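Colleague: Turn this into a model:
(2 chains)
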Amino acid sequence: MEKLLEVNGLEVSFQLDKGEVQAVRGVSFSLARGETLAIVGESGSGKSVTALAVMRLLQHPGRIKGGEICYDGIELTRMEEKGMFRIRGAEIAMIFQDPMTSLNPTMKVGEQIIEGLRWHRKMGTAEAKARAAEMLKRVGIAQAERRLEQYPHEFSGGMRQRVMIAMALALNPKVLIADEPTTALDVTVQAQILELMKMLQEETGTSIILITHDLGVVAETADRVCVMYGGQVVETGTVNECFRQARHPYTWGLLQSMPRLDQPRDRELQPIPGSPPDLYEPPQGCPFADRCPYAMHVCFEEAPPETRLSDTHQVKCWLEDPEAPPVEMDQPFAW
Amino acid sequence: MLVKYVMSRLLQMVLTLWVIATVTFIMMKAIPGDPFSNEKKLPEEVLRNLYAYYQLDDPLPVQYVHYMKNLVLLDLGPSFKYETRTINEIVAEGFPVSAQLGAQALLVAVVAGLALGVLAALRQNRLLDYFSMLVAVLGISVPSFVLAPILQKYLGVEWELLPVATWEGFASTVMPTIALAAFPLASVTRLMRSSMVEVLTQDYVRTARAKGLPPLFVIVRHTIRNAILPVVTVLGPLTVGVLTGSFVVESIFSIPGIGKYFVESITNRDYPLIMGITLFYSSLLIIVNFLVDLAYGWIDPRIQLAKGGK
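Modeller: Numbers count the residues shown, from 1 in each chain, chains lettered A, B, ... in the order given. Predicted coordinates for the structure are as follows:
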């Protein structure tokens, strides 16, 4: 498949008084047209920072320290801010975690959709309004014309996220980055929003980067998965590969800490003990070594190389080394 | 709904004014002395005639009812001191001057304060930020009666740039305006800066940037309007500050506004003038506060005035 977005060795750090936080340390992934890539990991693993870096929306003191972000043949890391005004929103759009705070409370919803259309497409008010109403209808908001004149506080959480999606897709962007789009919503509403995103993707062919910590969401919507930990991608593969043939102990941990219907009810969830590494002074070895039940000496000494298990499945773990003892996940994921 | 709200607010305003009038009346009568006790001893006879003429020999409740009756008819009575003039005339003559000075000062304070506050927030912890914070600290800590003579000495006397103390032409209004605007300007600057700093970190500002809107666009449409609400809140109290400040500033620059009369009216025990100016300024403040409340609803649609919100 044709690559639309390629991120290579991305490094992002935040220069604080206490020192430098290396939030993203050499992240690489690619996104094909029409594909959904899920980036999973716990809080602080660098997923959101990666997304903001792609949008070039990092706020001071955060900055891109190294690596490349290549969108449709254009290098974004070295692009002038002026050029980004044409990319953001129009080519790569983004929706955020909390629809309650992501819309401007003092501006009518319609205004907020229209302003992007007017700026990027130089549309007149009437044309932009018509397009905004059409988008609201497409995301399943009834009485679209009337709703355009309302303020965000007149919408429920799920409806606001629909507005965010309508706003993001109004310009037909080629990439949609969704940063935990369902985290702040009720479970029933979550399913509706995911369903909506899937449907719109089929209609428009937009590629989606879905950032989440919810493996259920991943299983339901994604084609491929990047598992991030400590600012690095530790395992990447198709959904099938990452769920059924996971090779990284961290991925195993994530899978085992998730409730499952096919397990006896009295089986306890297994949390991953410990906490993520301190990114002020990232470990020189594998970032997960501290919490890994299979950690060997080498894991603490040296960062593991990437092992290619298939064209799509790669993992960074010393257990893949021929000299390592064979280890399997306790309870493989029957899915 | 809005009509009902406005009506109930108007009723409240009338009530507030009545309370102010009553309390002022009582306090004023409680001050020892009377309008004629300052002047050189007048013969008993003359005094008694004066009291009778101004109905000061009636019992207090009668005087009170009499005053209230006239007040309802918007007649503030004659001045005791300026015998040929009514309070209505004095206010009508002095107010345009005070209003011009006050309006100029408020305009300068709000426009310059907002601009400085916004710029400071956008250049956080850099030179411009430190400069505007310096202005704010000076404006808040240096009282107008200190600032005014300093301005007069340098701008007026030493460098002869502006007239020292007259009220003729625009040039003569510059120094009093600065002296009067300093405090509110400082308050607006500080408030706007902190409010902007907070709004700039909001999610919806990030959303606006993610839409690809250029920075100026984002700032004007998505931050200033949201950040301005706390400033609108203090506009009422700031107007009070400008009004009371104008008493001092008007005396220093010998400006023929109402402020001058107000101060004199108290030392002279000019009862109708005290009452008149107090009530006039009170109504002004009540109206300003009412307008500020209406402005909230317009700026922030989440505030619904009609549904009992204040």
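
Colleague: Spell out which parts of chain B neighbour chain A.
Modeller: B:202-204, B:206-214, B:217, B:221-222, B:225-226, B:299-302 (C-beta under 8 Å from any C-beta of the partner chain). Quick note: C-beta positions are derived from backbone N, CA and C, even for glycine.

Colleague: Which of these fall in strands?
Modeller: If you go by DSSP state E, those have nothing in strands.

Colleague: buried stuff in the lengthiest helix in chain B?
Modeller: Longest helix in chain B, counting residues (DSSP state H): helix B:87-122. By 16 or more other C-beta atoms under 10 Å in any protein chain shown, the buried positions in helix B:87-122 come out as B:87, B:90-91, B:94-95, B:97-98, B:101-102, B:104-106, B:108-110, B:112-114, B:116-122.

Colleague: can you give me how far that helix is from the chain middle?
Modeller: Computed by C-alpha atoms, centre = their mean, to the nearest Å, the separation of helix B:87-122 from the middle of its chain amounts to 8 Å.

Colleague: What's the mean pLDDT across that helix?
Modeller: Averaged across helix B:87-122, the pLDDT comes to 90.

Colleague: Could you list every helix and strand in contact with it?
Modeller: helix B:127-141, helix B:171-200, helix B:229-252, helix B:258-267, helix B:271-299 (3 or more C-beta pairs under 8 Å, 6 or more residues apart in numbering or on different chains; DSSP states H and E).

Colleague: Show me what counts as buried in the fourth one.
Modeller: Judged by neighbour count using 16+ other C-beta under 10 Å, the buried positions of helix B:258-267 are B:258-262, B:265.

Colleague: ok, now stretch A:271-282?
Modeller: A:272, A:276-277, A:279, A:282.

Colleague: and if you look at stretch A:61-70?
Modeller: Quick answer for stretch A:61-70 (16+ other C-beta under 10 Å): A:62, A:64-65, A:67, A:69-70.

Colleague: deepest of the helices and strands packed on helix B:87-122, which one?
Modeller: Neighbour counts (mean count of other C-beta atoms under 10 Å in any protein chain shown) averaged over each of these peak at helix B:171-200, with a mean of 22.

Colleague: Tell me how far it lies from the chain's centre.
Modeller: 14 Å.

Colleague: now do stretch B:162-176
Modeller: 20 Å.

Colleague: could you dump it to CSV, C-alpha only?
Modeller: Once non-C-alpha atoms are left out, stretch B:162-176 reads as follows in CSV (Å, rounded to 0.1, in the frame of the first residue of the first chain):
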residue,chain,number,x,y,z
LEU,B,162,1.2,70.7,28.3
PRO,B,163,-0.8,73.3,30.2
VAL,B,164,-0.5,72.8,33.9
ALA,B,165,-4.0,73.4,35.3
THR,B,166,-6.7,74.7,32.9
TRP,B,167,-9.6,73.1,31.1
GLU,B,168,-9.3,74.5,27.6
GLY,B,169,-8.7,72.3,24.6
PHE,B,170,-7.6,68.8,24.2
ALA,B,171,-4.0,69.4,25.4
SER,B,172,-5.3,70.4,28.8
THR,B,173,-7.1,67.1,29.2
VAL,B,174,-4.0,64.9,28.7
MET,B,175,-2.4,65.1,32.1
PRO,B,176,-5.7,64.7,34.1
